[in-house]
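> okay, predicted coordinates and the sequence, questions at the end:
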Amino acid sequence: MKDMQWHVSRRAFLKSGAAVGGGIFAAGIPLSQAVWAAEGKVLKARVAYGYTKLDPAFYNYNQEAEVSSCIYSKLTHFKPGSEWAWELEAAEKIEQLDPTHIRFRLKKGIKFTGGYGEITAKDVKFSFERVIKHNSPVKGDWGSLDHIEIEDDYTGVIVLKSPFAPLWNIALPFSVGHIVCEDAVMKATKDGGDFGMKPPAFSGPYVFADWKPNEYLLLTRNPEWSGPKPGFDEIRIVQIDDDKAAERAYQAGDIDFTDITLDSLSTFKSAPPANTKIEEHPSLRYWWIGMNMDHPKLKDINVRKAIQWAINVPQILDAAFAGQAAVATGWIPPGIIGHRDKALVPPEGDLAKAKKFLEKAGVTDLALTIDCRNDSTFLAVAQTVQAQLSQIGIALEVNVRDAGTMSTLGMESQGKSWKDIQVILNSWPSMPDPHFALSYMVQDQVGIWNWERFRSKRFDELVSEAVTISDPNERAKRYYEMQDLMEESGAYRFLTHGSTPVMYRTTQMQAATRPDGNPLYLDFKPV
């Protein structure tokens, strides 16, 4: 989810079909010549958003967690493949003793760089507890964590205040489960807080070697790593905001792994680039239209309902996804606990009902704005919605934002832009547990991740209650109700989960991904 909070310079608007992005491509210089002179066993991959944090306790982007997995260690990690599963990493053993206690034992010999010695249970305690202590915006990933009890140098017990079912699919194998060096972080930050893009020590197979904001990030082998040797000497991750531009960069040979758009999928499948494999993965990502409930023009629920019912989702998917994406029933995709069979508002909407809601609100000649990212797919969605709302007399202006601006738009800590948000088109990635997405719509997240400024006491109660339930059917009922509450507020129109087709160059690698198509760089194999 966390595609937010930039502390780097922001790119100018990149129109679809223009230069790939950044000064390198705009200058017409091949990436391989402009940035890196040497070749070898190199993994070259594309990322759509830039990096803001390599502190796993305060991450913003999913791809930051992907890099963290290369430079730090975790107790467990996701296994590549088509089924969601995890396996041991830094842990030699891990077991759930009871609903609120999980004991782990670390493998010996995993060292931090900089002469900081082995990873110990003390570092695990520090790493996990600092997420809560420093009130990280992503503390919800740790749920009811209370503290870590240290039994000896390598053994400890994770103690929860109450049962937390998502621990195994979010906290441990994802970002907040990474272990950082207490001594190094305390030296770098004084209070153990956020170190941003300046990691003070590494414990994974790679180290963070170079980074140019909005252009690339480079990882190189960790000379102090004593575990299994990774396949590549370097991992070069190139930022290309626009999906179409990324496809062109792949065809030009500047990258060897990228996701591709659904409207390009059939073309690539029928005539793939040379030595290319295309894989299709179900996506956990969710796309939606949101409305700022606090904005004067959208305070009346009847206005919001009018917009909900005027939006025809199948038309949007035909225009922006070439009809290759299925309609979403909420934020939780098929196959995940809490997926609804259908939404409250039918996919096609109803223009007659929409007009009646506007009449009930007593609103005429309404002019609104919709904010979206400067990507061809986002723009196609926004323009389709613009045409649909015009049918009920709403004039919708499309505000196209660069990735940096868009990623902070609703955050009160980043300025006053949150006050001006009206309608917004957004898409966030998720995890294989419904808590990951829905926990960020609680009242405490208003002005952080909750940009619609949605407030519901009942919703907050359900978020807290659902994670304590082990029975999947009972858990699901809570998530059904949560999505109903969101939809009933009028502030959400659910669109799609899309899918995640990826392509990679078979002469360079055998790619490895999670079931949703997200890369697991450590499991990529060179050819």
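Nice, thanks for sending it over.

> leaving out the residues flanking it, which one is nearest to residue 281?
residue 517 (3.3 Å; CB to CB, 6 or more residues apart in numbering). Quick note: C-beta positions are derived from backbone N, CA and C, even for glycine.

> what about the one you found, how many residues close to it?
If you count neighbours by other CB atoms under 10 Å, residue 517 ends up with 19.

> what's the answer for residue 390, then?
Neighbour tally, residue 390, other CB under 10 Å: 12.

> related to what we said a few turns ago, the residue nearest to residue 281: what secondary structure?
State at residue 517, reduced to three classes by DSSP: H, G, I helix; E, B strand; the rest coil: coil.

> quick one: contacts for it?
259, 279, 281, 283, 499, 500, 501, 502 (CB atoms under 8 Å, 6 or more residues apart in numbering).

> apply 7 Å and report the result again.
Counting by CB atoms under 7 Å, 6 or more residues apart in numbering, residue 517 touches 259, 281, 283, 500, 502.

> quick check: buried residues in the biggest helix by length in the chain?
Determined from DSSP state H, the single longest helix within the chain is helix 472-488. For helix 472-488, burial by neighbour count (16 or more other CB atoms under 10 Å) applies to 475, 476, 478, 479, 480, 482, 483, 485, 486, 487.

> and stretch 316-327, by the same measure?
Result for stretch 316-327 [16+ other CB under 10 Å]: buried residues 316, 317, 319, 320, 321, 322, 324, 325, 326, 327.

> and if you look at stretch 433-441?
Buried residues in stretch 433-441 (16+ other CB under 10 Å): 433, 434, 435, 436, 437, 438, 439, 440, 441.

> repeat for stretch 337-357
Quick answer for stretch 337-357 (16+ other CB under 10 Å): 337-340, 343, 345, 347, 349, 353-357.

> next: stretch 182-189.
Those would be 182, 183, 184, 185, 188, 189, for stretch 182-189 by 16+ other CB under 10 Å.

> give me the residues contacting it.
By CB under 7 Å, 6+ apart, the list of residues contacting stretch 182-189 reads 112, 114, 116, 122, 123, 126, 192, 195, 198, 200, 201.

> neighbour-wise, give me the winner out of the residues you listed.
residue 123 (27 neighbours).

> distance of it from residue 61?
With the distance defined as CB to CB, to the nearest Å, residue 123 ends up 24 Å from residue 61.

> residue 83 contacts residue 516, doesn't it?
No - with contacts defined as CB atoms under 7 Å, residue 83 does not count as touching residue 516, sitting 11.4 Å away.

> and these two? which has more neighbours close in?
residue 516 (21 against 6).

> so for the helix or strand harbouring residue 464, mean pLDDT?
Here residue 464, judged by DSSP states H and E, is contained in helix 457-466. When pLDDT is averaged over helix 457-466, the result is 97.

> now the helices: where do they sit in the stretch 201-350 of the chain?
For the stretch 201-350 of the chain, applying DSSP state H, counting those that start in this stretch gives helices covering 243-251, 262-270, 301-310, 313-321.

> dump the ones you listed into a markdown table; add distance to residue 175 and mean pLDDT as well.
Compiled in a markdown table, those are given as follows (distance: least, CB to CB, whole Å; pLDDT from 0 to 100):
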| stretch | distance to residue 175 | mean pLDDT |
| --- | --- | --- |
| helix 243-251 | 24 | 94 |
| helix 262-270 | 27 | 92 |
| helix 301-310 | 33 | 98 |
| helix 313-321 | 28 | 96 |
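
> any weak-confidence spans in this structure?
Residues of the chain that meet the criterion pLDDT under 70 lie in 1-40.

> 50 instead?
1-38 (pLDDT under 50).

> was I right about residue 506 contacting residue 274?
No - contact criterion CB under 7 Å: residue 506 and residue 274 do not qualify, at 9.4 Å.

> neighbour count: those two, which is higher?
Set residue 506 next to residue 274 and count neighbours by other CB under 10 Å: residue 506 wins out with 14 against 8.

> now do the contacts for that one.
275, 276, 277, 527.

> what about it, distance to residue 524?
12 Å.

> where's residue 381, which helix or strand?
helix 376-390.

> which residues does the next helix-or-strand element following that helix contact?
Later in the chain than helix 376-390, the nearest helix or strand by DSSP H and E is strand 394-401. Strand 394-401 is contacted from outside by 13, 366-374, 379, 382-383, 385-386, 389, 409, 423, using CB under 7 Å, 6+ apart.

> angle of strand 394-401 against helix 301-310?
80 degrees (axes from the mean of the first three to the mean of the last three CA atoms, to 10 degrees).

> sheet-wise, list the partners of strand 394-401 with their directions.
Using DSSP bridges, the strands paired with strand 394-401 are strand 366-373 (parallel).

> returning to that earlier point: tell me the angle the helix or strand just after the longest helix of the chain makes with helix 262-270.
Proceeding N to C from helix 472-488, the next assigned helix or strand is strand 492-496, under DSSP H and E. Counting by the same axes, to 10 degrees, strand 492-496 lies at 10 degrees to helix 262-270.

> mind giving me the packing neighbours of strand 492-496?
strand 286-291, helix 313-321 (3 or more CB pairs under 7 Å, 6 or more residues apart in numbering; DSSP states H and E).

> for these, which one sits closest to residue 269?
Residue 269 lies closest, by CB to CB, to one member of those: helix 313-321, at 15.1 Å.

> only C-alpha atoms, please: export that closest one in CSV.
The C-alpha coordinates for helix 313-321 follow below in CSV (Å, rounded to 0.1, in the frame of the first residue of the first chain):
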residue,chain,number,x,y,z
VAL,A,313,-16.9,0.2,-13.9
PRO,A,314,-17.0,-2.2,-16.9
GLN,A,315,-16.7,0.8,-19.3
ILE,A,316,-13.7,1.9,-17.3
LEU,A,317,-12.1,-1.5,-17.6
ASP,A,318,-12.7,-1.7,-21.3
ALA,A,319,-11.1,1.7,-21.8
ALA,A,320,-8.1,1.4,-19.5
PHE,A,321,-7.5,-2.3,-19.3
